[in-house]
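Asks: the following block contains a protein sequence and its predicted model.
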Amino acid sequence: QVQLVESGGGLVQAGGSLTLSCAPSEPTSRQYTVAWFRQAPGKEREFAAAIRGRDGTRYYGDSVKGRFTISRDNAKNTWYLQMNNLRPEDTAVYFCAGSGGSPITSEMRRSQAYEFWGQGTQVTVSS
């Protein structure tokens with residue numbers, strides 16, 4: 001079973017940037033789809049971004065669109081979430097999620113589409 005390991009979280013001031021990484025424990029196919037979700041204390045898990053392996057299509061949540069960028073380095077089999085212009089409301093635990101399949105567009109933002117999850121990495125944005 002593939003395990004996903006996130007890294008790159010930390011403390012940053014508002015307006016700053018962070019890059020999160022997600023690395024699977026074993027090689028994955030080009031079809032592998034990865035998403036980032038986040039969960040703030042007392043709130044439900046929220047979709048942030050996803051990239052579908054089959055065609056490279058990217059999806060973003062409304063709250064991060066224009067500030068976050070999801071990408072994949074095929075050579076390293078690693079996914080990234082570049083987060084710019086961070087705001088205090090971006091404070092959350094960020095989870096990497098993966099699917100060995102190829103979710104359809106209507107499923108890409110749903111946590112149920114992903115069968116593998118990382119442990120999460122904390123991102124804290126101070127004002």
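Replies: Nice, I can see it.

Asks: excluding covalently adjacent residues, which one is nearest to the most centrally placed residue in the chain?
Replies: Central residue of the chain (CA atoms, centre = their mean): residue 36, 2.0 Å from the mean position. Excluding its sequence neighbours, the residue lying closest to residue 36 (CB to CB, 6 or more residues apart in numbering) is residue 48, at 4.4 Å. Quick note: C-beta positions are derived from backbone N, CA and C, even for glycine.

Asks: the one you found reaches residue 67, doesn't it?
Replies: No - in this structure, residue 48 is not within contact of residue 67 by CB atoms under 8 Å, at 10.2 Å.

Asks: more neighbours: these two, which one.
Replies: Comparing residue 48 with residue 67 by other CB atoms under 10 Å, the one with more neighbours is residue 48, at 25 against 15.

Asks: that one: what secondary structure?
Replies: Using DSSP: H, G, I helix; E, B strand; the rest coil, the structure places residue 48 in strand.

Asks: roughly how far apart are it and residue 25?
Replies: 22 Å (CB to CB, to the nearest Å).

Asks: ok, now residue 100?
Replies: 13 Å.
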